[in-house]
Structures are given as structure tokens and as C-alpha cells.
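1. return atomic coordinates for the entry below.
(chains A, B, C and D)
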Protein chains: 2
Amino acid sequence: MRRVTIHDVAGKAGVSTAAVSHAFNDPERLRATTVTRILDAARELGYAPNPHARALHSQRVGVLGVLFPQPIATVFANPFFASFLEGIGSVTDERGIGLLTVTPVGGSLERAIAAAPVDGFVIIGLDERNADVAPLRKRGVPFVVVDGDAETASSVNVDDEGGAHAAAEFLLERGHREVLVLTFHAPPDELDKDLGVRGRRLRGYRRAFVERGLSLDDDAVVRTFVTLAGGDSAFAQAWATGARPTAVLAASDIMAIGAMRAAKRLGLRVPGDLEVIGFDDIPLAAASDPALSTIHQPITEKGRVATRLLIRELDEGGPRERIVLPTELLLRDSTRAQPKKSRTLAIAKGGTEREGKRTLKAAAR
Amino acid sequence: MRRVTIHDVAGKAGVSTAAVSHAFNDPERLRATTVTRILDAARELGYAPNPHARALHSQRVGVLGVLFPQPIATVFANPFFASFLEGIGSVTDERGIGLLTVTPVGGSLERAIAAAPVDGFVIIGLDERNADVAPLRKRGVPFVVVDGDAETASSVNVDDEGGAHAAAEFLLERGHREVLVLTFHAPPDELDKDLGVRGRRLRGYRRAFVERGLSLDDDAVVRTFVTLAGGDSAFAQAWATGARPTAVLAASDIMAIGAMRAAKRLGLRVPGDLEVIGFDDIPLAAASDPALSTIHQPITEKGRVATRLLIRELDEGGPRERIVLPTELLLRDSTRAQPKKSRTLAIAKGGTEREGKRTLKAAAR
DNA sequence: TTGAAAGCGCTAACAT
DNA sequence: ATGTTAGCGCTTTCAA
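-> Sure, this is the predicted structure:
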């Protein structure tokens, strides 16, 4: 069942292949009757242009890649990424372009990057300094970095440090002194450098302590997996080793929810005996029981912004930008009620510098 | 910043383009020193083969498409699809192939299908009879149908009717007579034909009633959106119009969870005043409060099976298969406890015919 | 061991 | 208005 090509159509319609191409791409150039004849022939034959040939010629496939530094199964299992992809998808969809998820092939991103039929990449959670980014440059397609720093490409981040600081500050202000901090395991290549999102959030927590003349002890900081089970076991284990926290700061909602589960099992009431603040505001946060107080970050918007940036760069070679979206403390039911007029207590400062609280855009470099 | 091509490498290494190609794909053919020289040149230049050119020639891109008949934003927002994609992704990942989500472009799937640079499609929720499937044939690439019937392609389904029957039977057996059934809105092209998944589940519920000499009244069946809000408002509205159900059968978990939310708001206790059984067993079902009793279907496995089938067809032109995976009633806390030795009460019969309860494979047609 | 050259299917500049 | 033709970048016979 060989695929029918432009030649077959040309033959059947008694014209050249150029005519067929024109009939599809620029019908005005041809006499109307010819166009009809060609289109009829195409339909009868069931002709559809070969996307690879088209891509080869036009140097454009109409597909964007989203690069994850981890197996694809773990990304779809993660509500955070689902929301992020939702944002990306909403703009690719509206522009009629495709979305390809790109993940390591046999452990290496390089092969995956080289082989991906895409016009550009959105990369998430990968610092530009990362070795995996080199192949991207080789590939010669534009990319934008999300949740990571970049010198030579546009980037989209949120104010992780500000958000974390707001969360810690809230708890400290209320008098908590026994606070358990749950953070991610460091990625293998990063070790203890506290780079990226994890480092920024940790710095935010720590700064709030320091500002009050307190310190965040190392044994109050537990690193674990970014999963329900991770948060659960981390809390349970801390408890088992004698920790008696009155509050939890979790660097991700899913870990926070896990910690709440463990706390409930240990007979603690949330927020009565234990106040908990997560990070991210994934959809599950609002649905958990009790509903999780958290640092909201605009996950979906982040995907949208990054994708628009990439498309603009593709279409017009637009300037690089460095965007930082705001985060905010969102109080729900895992913290004890305050005045509670608005659910939003504070909007963390946008940008790590002194810019206002809205989107921060830095000029091209 | 023009992309470096095989010609550049050939020039730099002082060989022909053919030699460069050989160095990469069949180094044995060349003298070792030549290979090294070529590879060095390639590295220095930062050469990476153009995936489009490669695809054009080999008629293979190494990418599979997943076709959704709906906007991409709604698919990532839906936990069911996330699990499904997780299954697909786990096998594409392990085979080192890419995953492209394909959704309607400007309302039409046809353009999207024609333009997608893929070697084959997994299509979900689209009956083969659907008009949108014709372009797929034109495209000339193999595809497998999930959650839909197919004559000319392989298909993967679950025993929807059996599962639904088991759920209804469980409730009826316990004496419930006022049962509210929540089902999907019919897709526009399907109208009232009760085709596909929706029809099969509804038939399963109905059969359980009929078998006991009861009937499932039309006003006990509410059609709504497959969302939390859909289930919530459907239940609330039924209640408002005087319905006083003692049990709910929901054709999807998310609607079931929505209904529970509405019930709680109305002061009903689940499962005390109201027993609820969902369908699908999405991850959220286990995490809801109370944990949702449901008909488990192997969502992730379905994705895996479909993808393996497709890859086999691609690689070896394997035979078509028609697979039906089993469903089972899974009792958690939204139904009142029974003996409760095992959480699994019954395994619905696999297959709509009389096959056993394991995977049903029909021979090629 | 290496290279020349013919495609793969399509587009578009340039004829006619 | 329609056709000729030269690529796009790579692979792969076939010949040298």
C-alpha cells in the first residue's frame, strides 16, 4: 500500500507536479477548472502531502518540543507537569502547531534532541549550564528555558525565593519555632550546590529565619522524593526520630499532602496540631483534605508564556527575554484561619531584584 | 546561524558526503583513521544530522502520534488521559521513540493528521466509523484504536459493560432502589445512539436493573460534563428537583467525586447516607475523601498495550488484534464496608463475548 | 576503502 | 496559466 505522492496526482490530472503543488498552496495562480481537476484527482487518489518532504524543504515542521530531563512516565504522573503542559498546549493548539514531548533516550537527552522533528524547544528544569544543553545548541533550533537560568536564551521563572520566604515568614510570625522543611532530593549532577528551583526555595525559607535572628538547622531540613509517598515517609521518619514540629514547609504540594497524610495517621490534626504550607498550587491542593495552604505559582501561565516567547522567536527572531512571574501565599485550610477576608494574604515580590510585583521583563542581552 | 550539514563535514574532513554518512551509520566500511577524522570534524563543527532529511529518506521519523478528538488543554487537565499517556510514554520511552500529541487544528482533525510527522497513531475515543478517521487512512500510516470499535485496525478496549454491571449489581444487591446514574454528555456527532464507552457503561447499568425485574428510569439518568463541576451540579440539581437517591452510579470518577462534594454540601454523609461508585479508578479516586469505590480499569496498561501493538505493526506488520482488558469492582470508603477481606470484590467478565476474564485476543481478520 | 549519483516528496524561482 | 528544474540534507546502491 504505497503512499500516493504528488506525482501520482499530477499524472492522473494530466499536469505537472508544480501545478499540483500550486493547486494546494496558491490556487489563485491556476485556472479554476484546473484546480478543480487537480483537487478531484487528489481526492480520488487519497493524496495527502508528505510532512517530512514538506519539512525538509521549508525547514519547518510545525512542531514544538518540550524537553524533560526525566522519563516520560514520571512527567505524566506528575500533576505539576500536567498543568504546565496544559499551558503549552493551549497556545500550540490555538496556533495549529504540534506538541512533542522529548525525554532521554537510553538515559541520554542528546540522541533525543538530535532526532526530534521540531522547530524549537521549551526546556524545563534544566539549567543552561547543564551538559545536556550543549546538544541543543548543536541542533541549531531556538529554545526557551523554564525554571532554570539562561544566558543565551529566553527564560521564564517564578519568584521561588520570594514565595518561600512569604510562607516561612507567615509561620514564624505566628510563633512557630519547630518547623520541618521538606525539600527535593538534589539531582545527581547538582549535588549540594543548591542550584535552581530547589536552591531558591530553600534560600527563601532560610532568609525568613535569619531575618528573625533564628536559624534553620540542617536536621530540620529533610530531602525526599517529590511524591506523595516521599512527603509521607519523610514526615513519619522525622517524627520517629523524635522531631515534634508544629508546622511544615514543603517545597512542593505533593510532598505537603503526603506529610499531612502521615500526620493524620500519627493522630495529629491539621491545622489544629500542625500547620502545613506547600508550594506550587497544583489542582490537587485545593481538593485535598484539608485543602492545602500553599504558595501559588502560575504553572499553566508559565507554560503559555514560554511557548509564546518561543513562537515569537521562531517567527520574528524576537529578542530574548528573562521573565519572572510572581508567586503568592494562598491560605486555605491547612493553616489556622486568620482575619480571612481575602484568601490571598500577600503577593510575594516579583523578580529577585527590586522590580514590581508583576511580570518582570528584562531587555535582550 | 545556518545549520551545519553533512557537506560541511565532508568538506572539512576532505571526504565525500557518502563517507560522512558511512562514518555515522556503518563505520566498519571505512578505514578507522578516516572515521576518526570525520567524527572529529563533525564534532568540531557541531554537526547533527537533520531529522527531516533522514525521515524523508527512510520513511521513518521515530515518532508516534496520539490523537485526541479534543483540545489539548482539556486532555492534560484530565487525570484519565494523564494516566493513559503515562502508559504510552513508558513504552515509547523505552524504545527511544518520540510522542506527539495530536489535536484538532482549527476544529478539524484532518489538517492535524496530515501534517503530523509521525510513523503511526494511537487514537482514543474515536470510533472507526467517525468521519475524522478517513484522513487517517489517507495518511497511509498504521493506527490502533483505543476505546472505540474498529474493523480495519487493531483496537484496545476494556470491559465497560461488565464493569458497569458489576457496580450496579452491587448496589442493587444491597437493596438500593433509588439510584442516581451520572453519565457523559453525548458527543455531538453521536447524539442518542449510545455508542462507544458511554453506551456500553449505560447498558451495563441498565442490564443489572433489568435482570432484577427493575427498570432504570430515564429521569434517574443524568447526563453531564466529565468534570468535578459537572458531577457536583448534576447531583445538586437532581436533589433540587426532588430526587432523594440513596446511591450514585457515576460513569467516571471525576463526576463521582463531584457528586460526593455536592452531597456533603447538602449535609449527606458518604457512605452513611449515600453510597457512591465511580468508574475508571484514576489516581485521585484513592486520594479523595472518602476514598472512592470504583470500577477499576487498567488505564495505563491500556496505553501500553495499544502502543506495543502499534509498534509491532510498524516493525513487522503484525496481525490486527482486538483486545479487551478486564475491569473490576474496587471497594473503598464511599460504599459501606462489607466482609472486607480483600478490597477486590469481583472481577467483571472480560470480553463482551464469553471469553475468560483475562485479556481477550481475537485473531487477525 | 572511498566516491558519484540517484533518489526520498515537495516547493518555488524561473522559464515558457 | 502552466511547466522545468534545482534544490532541501541524507542514505544507499553501484562503480572506481
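2. pLDDT score for the residue of the stretch 1-150 of chain A found nearest DNA strand C?
-> When distances are taken as Cβ to the nearest atom of the strand, the stretch 1-150 of chain A reaches nearest to DNA strand C at residue A:6, 2.9 Å away. Using the backbone N, CA and C atoms, a C-beta is placed for each residue, glycine as well. If you check residue A:6, the pLDDT there is 94.
3. what residues are up against it?
-> Shown in contact with residue A:6 (Cβ atoms under 8 Å, 6 or more residues apart in numbering or on different chains): A:17, A:20, A:21, A:47, A:49.
4. for these, which one is nearest residue A:201?
-> residue A:49 (48.3 Å; Cβ to Cβ).
5. the closest one against residue B:113, yeah?
-> No. Using Cβ atoms under 8 Å, residue A:49 makes no contact with residue B:113, being 11.9 Å away.
6. so between the two, which is more surrounded?
-> Using other Cβ atoms under 10 Å in any protein chain shown as the criterion, residue A:49 and residue B:113 rank with residue B:113 on top: 28 against 17.
7. for that one, give me its contacts.
-> Counting by Cβ under 8 Å, 6+ apart, residue B:113 touches B:67, B:102, B:121, B:132, B:135, B:136, B:139.
8. is the fourth one in a helix, a strand, or coil?
-> This means residue B:132. The three-state label given to residue B:132 by DSSP: H, G, I helix; E, B strand; the rest coil is helix.
9. with adjacent residues omitted, what lies nearest to it?
-> residue B:109 (4.4 Å; Cβ to Cβ, 6 or more residues apart in numbering or on different chains).
10. can you check the third one too?
-> Nearest residue to residue B:121, sequence neighbours excluded (Cβ to Cβ, 6+ apart): residue B:143, at 4.0 Å.
11. before we move on, the earlier item: for residue A:220, see how far away the residue of the stretch 1-150 of chain A closest to DNA strand C is.
-> Distance of residue A:6 to residue A:220, given as Cβ to Cβ, to the nearest Å: 68 Å.
12. residue A:310 too?
-> From residue A:310 to residue A:220 the distance is 40 Å (Cβ to Cβ).
13. more neighbours: which of those two?
-> residue A:310 (27 against 17).
14. which residues touch the more buried one?
-> Applying Cβ under 8 Å, 6+ apart to residue A:310 gives the contacts A:64, A:120, A:121, A:122, A:142, A:143, A:144, A:154.
15. model confidence for it, exactly?
-> Taking residue A:310 on its own, its pLDDT is 97.
16. what do you get for residue A:107?
-> We note a pLDDT of 81 for residue A:107 in this prediction.
17. what of residue A:133?
-> 83.
18. okay, now it: neighbour count?
-> 22.
19. separation between the closest residue in space to it that isn't next to it in sequence and residue A:261?
-> Spatial nearest neighbour of residue A:133, excluding adjacent residues (Cβ to Cβ, 6+ apart): residue A:126 at 6.4 Å. Counting by Cβ to Cβ, the gap between residue A:126 and residue A:261 amounts to 31 Å.
20. looking at the two, which is more packed in?
-> In terms of neighbours (other Cβ under 10 Å), residue A:126 is the more surrounded of residue A:126 and residue A:261; the figures are 23 against 20.
21. and the more buried one, how far from chain B?
-> Counting by Cβ to the nearest Cβ, to the nearest Å, the gap from residue A:126 to chain B is 17 Å.
22. show the pLDDT at residue A:3.
-> pLDDT recorded at residue A:3 is 79.
23. against residue A:225, how distant is it?
-> Separation of residue A:3 from residue A:225 (Cβ to Cβ): 46 Å.
24. how about residue A:224, what does it touch?
-> The neighbourhood of residue A:224, defined by Cβ under 8 Å, 6+ apart, consists of A:182, A:183, A:184, A:185, A:230, A:231, A:233, A:234, A:255.
25. so which of these belong to helices?
-> Secondary structure from DSSP state H places A:230, A:231, A:233, A:234, A:255 of those in helices.
26. quick check: the third one touching residue A:262?
-> Yep, that's residue A:233 we're talking about. Yes. Contact criterion Cβ under 8 Å: residue A:233 and residue A:262 qualify, at 7.3 Å.
27. which stretches of chain A form strands?
-> A:63-67, A:98-102, A:120-124, A:143-146, A:154-158, A:179-184, A:221-224, A:247-250, A:275-280, A:293-296, A:322-325, A:328-330, A:344-347, A:360-362 (DSSP state E).
28. just checking, what packs against the second one?
-> For strand A:98-102, the elements it packs on are strand A:63-67, helix A:79-95, helix A:109-115, strand B:98-102, judged by 3 or more Cβ pairs under 8 Å, 6 or more residues apart in numbering or on different chains; DSSP states H and E.
29. contacts only, for the residue nearest to the spatial centre of chain A.
-> Compute the mean C-alpha point of chain A, and by Cα atoms, centre = their mean the closest residue is residue A:84, 4.6 Å away. Contacts for residue A:84 (Cβ under 8 Å, 6+ apart) come out as A:124, A:146, A:299, A:300, A:302, A:303.
30. so among these, where is pLDDT lowest?
-> Scanning these for pLDDT, the low point is residue A:124. It has 94.
31. can you read off the pLDDT for the one residue in the stretch 201-350 of chain A that gets nearest to chain B?
-> Closest to chain B within the stretch 201-350 of chain A is residue A:289: 4.1 Å, counting by Cβ to the nearest Cβ. For residue A:289, the pLDDT comes out at 83.
32. same thing with residue A:194?
-> Note on residue A:194: pLDDT of 66.
33. look up the closest residue to residue A:69, ignoring the ones flanking it.
-> Counting by Cβ to Cβ, 6+ apart, the residue nearest residue A:69 is residue A:126, at 5.1 Å.
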